[in-house]
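Colleague: Predicted model, plus sequence, below.
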Amino acid sequence: QVQLVDSGGGLVQAGDSLRLSCAASGRTFSAYAMGWFRQAPGKEREFVARITGSGRTTYYTDSLKGRFTISRDNAKNTVYLQMNSLKPEDTAVYYCAASRISTPLDKNYPYWGQGTQVTVSS
């Protein structure tokens, strides 16, 4: 079992940056690939980024490459999402998730954080 707690969301202006954090319980954090997903009002949840258990490999949805960076600190059982040059269309609830396999498909992630709201004003 893995328990995840998301944090770091907030209300920011367009062009600002935010760093989301996701703290995980358990002693096998490095065994899990971690993903970030987001869900905007009225839209389906979408993949944002993922990182392998070792942290050596990262993947991003094409539209966010260059603005968002996923990273992890296995000593702290924490994964991060650095978001730069935020746009109003980035407004969403952001969720971290854990999976034994590295995949962009949310259905393959059995463990989820509670979500953290990011609102970007224009």
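Modeller: That came through, no problem. Numbering: from 1, shown residues only.

Colleague: which outside residues touch stretch 51-66?
Modeller: Contacts to stretch 51-66, defined as CB atoms under 8 Å, 6 or more residues apart in numbering, come from residues 30-35, 46-50, 68-72, 74, 79, 102, 104. All C-beta spots, glycine's among them, are computed from the backbone N, C-alpha and C.

Colleague: Quick one: end-to-end length of that stretch, please.
Modeller: End-to-end distance for stretch 51-66, by CA to CA, to the nearest Å: 15 Å.

Colleague: how many other residues sit next to Asp16?
Modeller: By other CB atoms under 10 Å, the residues close to Asp16 number 14.

Colleague: Please identify the nearest residue in space to it, excluding sequence neighbours.
Modeller: Leu86 (5.4 Å; CB to CB, 6 or more residues apart in numbering).

Colleague: helix, strand or coil for Glu89?
Modeller: Recorded secondary structure, Glu89: helix (DSSP: H, G, I helix; E, B strand; the rest coil).

Colleague: which ones are touching it?
Modeller: 40, 120.

Colleague: if we can go back for a sec, among the contacts of stretch 51-66, name the ones in strands.
Modeller: 33-35, 46-50, 68-72, 79 (DSSP state E).

Colleague: Of those residues, keep whichever come out buried.
Modeller: Among those, those classed as buried by 16 or more other CB atoms under 10 Å are 33-35, 47-50, 68-70, 72, 79.

Colleague: a markdown table for those residues, including distance to Ser121?
Modeller: Formatted as a markdown table, these follow (distance: CB to CB, whole Å):
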| residue | distance to Ser121 |
| --- | --- |
| Ala33 | 33 |
| Met34 | 29 |
| Gly35 | 27 |
| Phe47 | 25 |
| Val48 | 20 |
| Ala49 | 23 |
| Arg50 | 28 |
| Phe68 | 19 |
| Thr69 | 22 |
| Ile70 | 24 |
| Arg72 | 29 |
| Val79 | 26 |
